[in-house]
Each structure stands twice: as structure tokens, then as C-alpha cells.
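Engineer: below is the sequence, then the predicted model.
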Amino acid sequence: MYTEYKRIKMNFVVFALNVAASVVWAAPPRRCEPGDEILGRCKAEDKARCTDVMLSYCEDMPYSHTIFPNILDHRSRQEAEQGTEYLLLSVVHSLLNGECSPDVRMLGCSVLTPRCEKDRAVKPCRSSCEALRNSCERAFEGIEMAWPYFLDCDRFFVSDEEGCYDPLEGLREKQDATLASVAPEEPATIIQFIYHTNAQMINILQKTTAMCPDITSTYSIGRSVEGKDLLRGLYVSLSLPPSAVEPEVKLIGNMHGNEVLGRQLLIYLTQYLCSEYLLGNHRIQTLINTTRIHILTSMNPDGYQLASSEVEGSNDPDSDEGPRYNGWITGRANAQNIDLNRNFPDLTSIVYTRRRSRRFRTNRIPIPDSYWSGKVAPETYAVMKWIRSIPFVISASLHGGALVVTYPFDFSRHPQELKYLSPSPDDQVFKQLARTYADAHVSMASNNTERCGASFASRGGIINGAEWYHIAGGMADFNYLHTNCFEITVELGCDKFPMEEDLYAGWQDNKEALLTFVESVHRGIKGIVKDEQGNGIKGASISVRGIRHDITTAEGGDYWRMLTSGVHVLTVSAPGYRRTMKKVYLPSRMQKAGRVDFVLKYAVMEPHLDYFDLPDMANYDRFDPYNQFERYSLSELGTNGEERQEKPWWWAYFAQSGSSAPTWLLRNY
């Protein structure tokens with residue numbers, strides 16, 4: 001037994017020595033230093049020589065010969081191609097959405113494939129690097145990426161006195177020639193009317209924030225089922241710092257992942273608002289300076305990815321039509337196969353059950369505890385928390401499959417009739433909002449009976465939701481019954497996934513409608529409810545005679561109440577204060593909301609008739625009472641319980657490449 005052990009041990013030692021010998025034998029030859037060849041320390045064939053530039057992303061450099069080892073000490077073209085540096089250069093155009101391109105790529109190529117003259121590398125000029133870094137570093141900051149280490153101007157570039165060259169000289173000459181051939185025109189917003197992947201969408205929104213840092217910001221409301229980062233870029237707030245009585249508007253796209261035009265329109269809208277603001281467009285500047293606009297470009301990025309993959313899979317190279325989307329439901333639901341527009345709490349049924357109670361109001365209806373025992377999608381959960389945290393006034397959810405605007409209620413009030421007119425207490429306000437969008441659209445309100453959406457032509461392109469398409473658990477009904485927000489649903493066209501060449505037409509059809517709808521938030525009345533000391537009163541109720549739906553004041557006592565023209569009697573009340581009543585008149589051509597403030601006097605707390613004969617509504621603040629879904633909003637934790645630093649969205653480009661992780665691209669690493 002001992003002899004057998006010695007034999008095995010000896011074989012292992014021999015094997016280890018053979019491996020070590022093979023490693024030494026396979027090691028790359030030592031680089032020849034000056035004088036080594038004469039002393040016989042290296043062979044003549046080891047001497048570095050000029051060779052053709054063979055890297056495909058560097059073939060447009062203003063020279064044709066390079067040398068290896070390069071400035072980063074890559075010893076061959078193959079080694080350079082396999083490096084993360086070259087991978088970055090291959091995707092930098094997509095990451096920065098064309099900004100600073102091809103400048104950054106060519107500057108990187110001057111390091112990876114340096115210019116070669118007389119069998120020696122010529123380093124690029126430090127001044128070229130510094131000029132580009134000054135103009136492009138902000139683009140990297142916009143996607144939270146560090147300036148690449150191999151573009152360190154002091155380390156890899158040299159001064160003019162050291163015989164450097166400008167790797168961007170030829171590019172600048174071409175740009176100057178192009179500009180000289182173009183006649184000067186008025187400045188305008190430039191938008192690429194193409195489809196964008198989830199990563200490209202985030203990139204564009206991050207770039208928008210970088211372009212307009214004074215009026216834009218991004219923030220998180222959660223993640224999708226598959227963990228797609230909804231933190232960066234999906235939520236854009238175009239606004240100046242908050243101030244009293246400035247209304248909040250939200251626009252939501254891509255709730256159904258295969259209904260994609262709304263997603264693209266909102267991407268274009270963020271670019272348009274930012275650019276036009278900077279260009280001095282008076283209308284856009286006025287809108288942004290008086291309104292806080294929140295844009296959720298894609299509520300269902302997982303579904304979109306599935307739907308778009310079908311388009312890519314249908315790309316027949318022999319077809320003249322190009323890729324087509326054939327599915328009607330592929331990608332509609334989220335990754336859990338949940339239809340997000342059926343996943344909200346059904347509060348409309350509660351309204352129908354209790355509407356005979358004389359003092360019942362259809363506002364701030366709490367979420368039933370039973371709702372939390374079912375499946376709640378993380379996307380739904382995130383949106384519910386979002387609309388509870390911000391006092392939105394109006395909202396539009398962009399869909400596809402028809403050409404019409406629908407408005408609450410979406411749930412039929414007749415249990416046996418699925419297409420039954422089911423108006424809300426604010427039916428006139430909702431009709432006004434729907435007409436605002438439809439009338440501003442190029443063709444939605446047209447009486448042309450040959451067009452998409454012709455069945456709604458006699459109605460002016462709008463319809464009560466339940467009368468057209470009955471659903472329970474819809475987002476629009478939830479907005480209205482649980483919060484102050486009035487939401488409409490916009491069906492943008494009969495084609496759920498239009499051809500890419502039709503995107504520009506879609507933007508032209510809807511641009512004015514989107515802007516006009518956002519501007520319409522400045523209708524009705526607004527104001528502040530204060531006590532006698534001038535302090536704002538949060539949670540005060542603003543009632544309108546004849547409308548069984550109240551609005552409650554926000555944190556500082558401010559409120560916004562959408563109303564149609566005419567005479568309205570308002571009553572404001574709050575626990576511990578005396579009621580106050582005012583009569584207001586809103587003219588039909590009123591262009592901005594009327595300012596109506598209230599001062600409430602303290603009163604002894606006594607039971608009022610309103611406190612009787614009412615359903616129990618005291619549990620409004622019970623959101624996720626069993627903390628079953630709170631994980632959707634928790635940060636990911638490491639093995640020791642510490643909060644793990646979240647990787648930026650572009651990390652996936654490199655994490656799956658097989659190369660070593662480029663931690664040098666992380667800004668706070």
C-alpha cells in the first residue's frame with residue numbers, strides 16, 4: 001500500500017513538472033531592449049516591426065501601419081482584440097448614443113494601434129486628448145461611467161515637443177468640409193426615429209439629463225420581474241425646483257410590452273423638451289417652468305424585450321418588407337405573464353357596492369387587504385407607490401391596437417353588460433381631457449370612416465372605457481379612486497408594433513397632442529388651504545357641489561382641482577377646523593387655472609353628520625400591510641448584510657463578454 005502511494009505521488013510530481021515546463025515554454029518571448037540583439041539576448045525575429053492596421057474598428061485611422069507591442073503592451077493584434085479596451089471602443093457609439101463619436105473611438109485606437117514610423121511607435125498628442133476629454137467627459141458622466149484609464153492624457157499621450165501627432169486631424173478636416181457645404185438654418189431638435197433597446201433607451205434618458213441638468217433629474221421607482229434596472233433613465237422629471245401650486249403630470253408608455261409606439265414617443269418627447277428648452281422655445285420654456293412633468297417611458301421592459309425579439313427573429317434577408325411583428329399578445333404581459341392593466345386593486349366594484357350610501361365619496365378609497373393575497377407584479381407595486389407619493393393631477397397611459405382615447409370608468413357598472421356606459425362623478429372633466437388629446441391629434445377626431453379607428457369617428461375619437469372594453473383592476477380607475485389623479489388611456493393606432501419607418505409619422509401625429517394634454521393641467525382651480533397662522537393644512541378636502549369626488553391637499557396645503565367651465569360651489573373641510581365655502585365662476589375660454597385660496601379657523605372637535613353612515617375608510621394608509629411585496633423596493637444586500645453597490649445599466653455589455661471585469665469604468669469603485 002505504501003509503495004502504491006509513493007508511485008502515485010511520484011507520478012503527480014512528474015506531471016506538475018511537465019506542466020511547469022510547458023508554461024515556461026509557452027511563455028511569450030521577452031521584449032527586446034536596445035542592444036539586446038547585439039549581445040545575443042534575443043533573436044532578430046523578436047524585434048518589433050511596423051505592420052498593417054488590422055483591427056476593424058480602427059481601420060479608418062489617418063495612417064495604415066501600427067506596431068505591437070502597443071502602448072498598452074498588448075503583444076499582438078489578437079491580444080488587443082480580446083481586451084476590454086477594444087470592446088469598449090466597439091460599443092462606445094451605442095453607449096453614448098452617437099455623442100463624441102467617432103472621436104472617442106479614434107482616440108482609443110491611437111493607443112491600441114499606435115502610429116508606426118520606422119519600426120517605432122509614435123504616441124498621440126496630449127493636447128488632442130485633453131481637448132476631447134474636456135468636451136466629452138460629461139457624456140461619460142451622463143451614463144455614470146468613469147473616463148477610460150487608457151485615455152489618461154498624462155500617462156499615454158505626449159507633448160508636441162516630443163514628436164506626437166493629432167489622431168483626429170483628418171476627422172476635423174472632414175467635419176469642417178461638411179459644415180461648409182451646409183447652408184445655415186434655424187436651430188432645431190434632432191431626433192433619431194428608430195427603435196431603441198432597453199439599454200439604448202436608458203442611455204438616451206441619461207444623456208438627456210446630462211444635457212439639461214438644471215431642469216431634469218432621474219429617480220427610481222423599482223425594478224421589473226427580470227431585474228432590469230428601472231433606476232437609471234426610465235423615469236425623467238422635467239421641471240424646475242418644486243414650488244407651491246405647480247401641478248404634477250405623468251405620462252406612462254409601454255404598459256403592455258408589445259404596444260410600443262407610446263414608448264418611442266415618450267423617448268422622443270424627453271429629447272424634444274430638453275433640446276427645445278435649451279434652444280429658447282418660448283412655449284416649451286413656459287411649460288417646463290410652470291409644470292412638473294414625469295415621464296415613464298416603459299412600464300414593462302421585460303415584455304418589450306420579448307416582443308422586439310420576435311421582430312428581430314422575423315427578419316428574412318430575402319424579404320423586401322423587412323422585419324415584421326406578427327404577434328398580437330407576444331410580450332403583452334410582464335415576465336410573470338401578468339397583464340399589468342388588470343393587476344391594480346379593483347376599487348370600482350367598491351364604488352358600485354357603496355354608491356347608495358348617501359354620504360359616500362369616490363375618492364381615497366383604500367386598498368382592500370384581500371388584494372395583497374393575490375399576485376402583485378413588481379411593476380404594479382412600483383407604480384402604486386409612485387402615484388401615492390406624488391400629488392399627480394392628470395395622467396395619460398399610452399397604448400396601441402386602436403385609435404381612440406378612453407376615460408373612466410373602465411369597469412362596467414352592470415355585471416351582465418360588458419359594454420355598458422359607466423360614467424364617473426367627474427365624467428365631464430374626463431371628456432374634456434379626452435377631447436383635448438383627440439382634437440390635437442392629426443386624425444383621431446376626424447370623421448373619415450376609412451381610417452384606423454373609424455368606428456369612433458361619430459364620437460370624436462373618445463369613448464367611456466367600460467362602454468368600449470370592460471376591464472377590472474385597471475390603472476386609470478385606480479388613479480382616480482385612490483388618489484387625486486385623473487388618468488386617460490390613449491390608444492395610438494391599430495398597429496401595435498409599427499414599422500420603424502412609420503415612427504416619424506407617429507411622432508408628427510402625436511407631438512402636438514402630447515404637448516396640449518400636458519398644458520391642459522392648467523385648467524380648473526388651484527390654491528392653498530392654510531390655518532389662521534398661515535400654515536398649510538395637509539389632507540384637507542375640497543368638495544364641489546354636485547360631484548361626489550373630493551380632492552385632498554398635498555404636503556404644504558396646496559391643491560389642484562380639474563373643473564369644466566361654469567359656476568361651482570366649493571367647500572373645504574379638515575378635522576379640527578370649521579368648514580369654509582366659496583362660489584367660483586370659470587369662463588369657457590380660461591387659459592390658466594384660477595387661484596382660490598382658503599383660510600380655515602380652528603374649531604372644537606365634535607362629531608358631524610358626515611362621520612356617520614359612512615363605510616370604514618380609516619385604513620387608507622395600509623399599503624402592503626403584511627410586507628409581502630416590500631422586497632420589490634429593497635436594495636440588494638451582500639453576504640454580510642451590507643448594501644451592495646448597484647452596477648450601472650451598461651455593465652451587462654462587459655459582464656458577459658468573458659473579459660476581466662472593467663472596474664476601472666465604475667466611477668465610485
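Structural biologist: Perfect, I can see it now.

Engineer: how far does stretch 99-115 sit from the chain's center?
Structural biologist: When C-alpha coordinates are averaged (CA atoms, centre = their mean, to the nearest Å), stretch 99-115 and its chain have centres 30 Å apart.

Engineer: likewise for stretch 415-427?
Structural biologist: On the basis of CA atoms, centre = their mean, stretch 415-427 is displaced by 34 Å from the centre of the chain it belongs to.

Engineer: pull the residues that contact it.
Structural biologist: Residues from elsewhere that reach stretch 415-427 (CB atoms under 8 Å, 6 or more residues apart in numbering): 362, 407-414, 430, 464-470, 480, 486, 547-549, 562. Where C-beta positions appear, they are placed from N, C-alpha and C, glycine not excepted.

Engineer: how about residue 441, nearest residue that isn't a chain neighbour?
Structural biologist: With CB to CB, 6 or more residues apart in numbering as the measure, residue 513 is the residue that lies nearest to residue 441, at 4.3 Å, once sequence neighbours are left out.

Engineer: quick one: residues contacting residue 372.
Structural biologist: Applying CB under 8 Å, 6+ apart, the residues contacting residue 372 are 624-626, 628-629.

Engineer: stretch 289-299 spans what distance, first to last residue?
Structural biologist: End-to-end distance for stretch 289-299, by CA to CA, to the nearest Å: 26 Å.

Engineer: could you give me the buried positions within that stretch?
Structural biologist: Using 16 or more other CB atoms under 10 Å as the burial criterion, the residues of stretch 289-299 that qualify are 290-299.

Engineer: just the ones in strands from the residues you listed, please.
Structural biologist: By the criterion of DSSP state E, membership of the buried residues of stretch 289-299 in strands covers 292-296.

Engineer: shaky segments in the stretch 1-150 of the chain?
Structural biologist: Low-confidence segments of the stretch 1-150 of the chain (pLDDT under 70): 1-46, 97.

Engineer: for stretch 408-427, buried residues please.
Structural biologist: By neighbour count, and taking 16+ other CB under 10 Å as the criterion, the buried residues in stretch 408-427 are 408-413, 420, 422-427.

Engineer: as CSV, those residues with pLDDT would be great.
Structural biologist: What follows is the buried residues of stretch 408-427, written out as CSV (pLDDT from 0 to 100):
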residue, pLDDT
408, 98
409, 97
410, 97
411, 95
412, 94
413, 91
420, 93
422, 96
423, 96
424, 97
425, 96
426, 97
427, 98
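
Engineer: want to try TSV for those residues, with distance to residue 573 and secondary structure as columns?
Structural biologist: Listed next are the buried residues of stretch 408-427 as TSV, based on distance: CB to CB, whole Å; DSSP: H, G, I helix; E, B strand; the rest coil:
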residue	distance to residue 573	secondary structure
408	25	coil
409	26	coil
410	30	coil
411	29	coil
412	33	coil
413	28	coil
420	34	coil
422	29	coil
423	26	coil
424	22	coil
425	18	coil
426	19	coil
427	24	helix
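
Engineer: export those to JSON lines and tack on distance to residue 450?
Structural biologist: Conversion of those to JSON lines gives the following (distance: CB to CB, whole Å):
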{"residue": "408", "distance to residue 450": "30"}
{"residue": "409", "distance to residue 450": "31"}
{"residue": "410", "distance to residue 450": "28"}
{"residue": "411", "distance to residue 450": "33"}
{"residue": "412", "distance to residue 450": "30"}
{"residue": "413", "distance to residue 450": "34"}
{"residue": "420", "distance to residue 450": "29"}
{"residue": "422", "distance to residue 450": "30"}
{"residue": "423", "distance to residue 450": "30"}
{"residue": "424", "distance to residue 450": "33"}
{"residue": "425", "distance to residue 450": "37"}
{"residue": "426", "distance to residue 450": "34"}
{"residue": "427", "distance to residue 450": "30"}
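
Engineer: just the pLDDT for residue 181.
Structural biologist: With respect to pLDDT, residue 181 scores 54.

Engineer: sorry, slip of the keys, the one I care about is residue 218.
Structural biologist: 72.

Engineer: surely it touches residue 204?
Structural biologist: No - between residue 218 and residue 204 no contact is recorded; they are 11.6 Å apart, counting by CB atoms under 8 Å.

Engineer: between these two, who's got more neighbours?
Structural biologist: A direct count of neighbours by other CB atoms under 10 Å for residue 218 and residue 204 places residue 204 higher, at 22 against 16.

Engineer: check which helices and strands whichever strand or helix holds the more buried one is in contact with.
Structural biologist: The secondary structure element spanning residue 204 is helix 198-211 (assigned by DSSP states H and E). Secondary-structure packing of helix 198-211 (3 or more CB pairs under 8 Å, 6 or more residues apart in numbering; DSSP states H and E): helix 84-95, helix 126-142, strand 216-218, strand 235-238, helix 261-278, helix 301-313.

Engineer: can I get those in TSV with distance to residue 386?
Structural biologist: Compiled in TSV, the helices and strands packed on helix 198-211 are given as follows (distance: least, CB to CB, whole Å):
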stretch	distance to residue 386
helix 84-95	28
helix 126-142	24
strand 216-218	14
strand 235-238	8
helix 261-278	15
helix 301-313	16
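
Engineer: and residue 129, how far is that from residue 111?
Structural biologist: 9 Å (CB to CB, to the nearest Å).

Engineer: now for these two: what residues contact both?
Structural biologist: By CB under 8 Å, 6+ apart, the residues touching both residue 129 and residue 111 are 151, 156.
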